[in-house]
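**Student:** sequence-free structure coming up:
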C-alpha cells in the first residue's frame, strides 16, 4: 500500500456483488465517494453548509482502473491523496483488499467548485481547508 493522507476501511456486502460473485463495477464509485466525503468531513467541511453558501463541489471526471476483484465478505481499505491542479481538486484513490494488500482499484477523481452556479477559478473555503496537502 502507498502512503496516503486518509484511509477508510470497508467490508463488501452481499448485495454489492453481481452474478459473477464479484463487486459490481458501479459500487466502486460508492466506495470512492464515501471515502472522499468522510475525508472532507474530517477537514471540517460539511456539504450541506457549503451548498447553503452557494458552493457545490462536483465530480468533473473520473478514471478507474480495475486490478483485482473484491468478493462478498472481503475487507478492504480505500486510500486517498489530494492535489490541486489548476482549478481542479484531484483525488488519487486506491482500494486494497485486506489482509493481503492486493491492489483492487486505482482511480483519479477530478472535482471542481461551482460557486453561485458558475465554475469557480478558486474556492477560498476549500483552498484554506486543504492547503496543508498542496
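**Tutor:** Perfect, I can see it now. Keep in mind the model is a prediction, meaning the values are calculated, not measured. Numbering: from 1, shown residues only.
**Student:** Secondary structure element for the spatially closest residue to residue 85 that is not a sequence neighbour, which one?
**Tutor:** In this structure, residue 85 finds its nearest non-sequential neighbour in residue 110, 7.9 Å apart by C-beta to C-beta, 6 or more residues apart in numbering. For glycine as for every other residue, the C-beta is placed from the backbone atoms N, C-alpha and C. Per DSSP states H and E, residue 110 falls inside strand 102-115.
**Student:** just residue 7 next, same as before
**Tutor:** strand 6-11.
**Student:** Could I get the buried residue list for that strand?
**Tutor:** 6-8, 10 (16 or more other C-beta atoms under 10 Å).
**Student:** Tell me the helix or strand right after that strand.
**Tutor:** Following strand 6-11 in sequence, per DSSP H and E, is helix 25-42.
**Student:** what sits up against that next one?
**Tutor:** Residues outside helix 25-42 that contact it (C-beta atoms under 8 Å, 6 or more residues apart in numbering) are 5-8, 10, 16, 47, 57, 62, 64, 66, 76, 78-80, 82, 91, 93, 95, 105, 107, 109, 111, 129.
**Student:** Narrow these to just the buried residues.
**Tutor:** 6-8, 10, 16, 57, 62, 66, 76, 78-80, 82, 91, 93, 95, 105, 107, 109, 111.
**Student:** picking up where we left off before, show me what the strand holding residue 110 is in contact with.
**Tutor:** Under C-beta under 8 Å, 6+ apart, the answer for strand 102-115 is 28, 32, 36, 54-70, 76, 85, 87-97, 119-120, 122-123, 126.
**Student:** and if you look at stretch 61-73?
**Tutor:** 11-14, 16-17, 21-23, 25, 28-29, 32, 76, 95, 97, 102-110.
**Student:** Could you name whichever residue is most remote from the centre of the chain?
**Tutor:** residue 19 (26.0 Å; C-alpha atoms, centre = their mean).
**Student:** average model confidence for stretch 95-107?
**Tutor:** Mean pLDDT, stretch 95-107: 98.
**Student:** Please apply the same query to stretch 51-58.
**Tutor:** On average, stretch 51-58 scores 95.
**Student:** do the same with stretch 115-132
**Tutor:** 93.
**Student:** Endpoint to endpoint, it covers what distance?
**Tutor:** Length of stretch 115-132, first residue to last, C-alpha to C-alpha, to the nearest Å: 23 Å.
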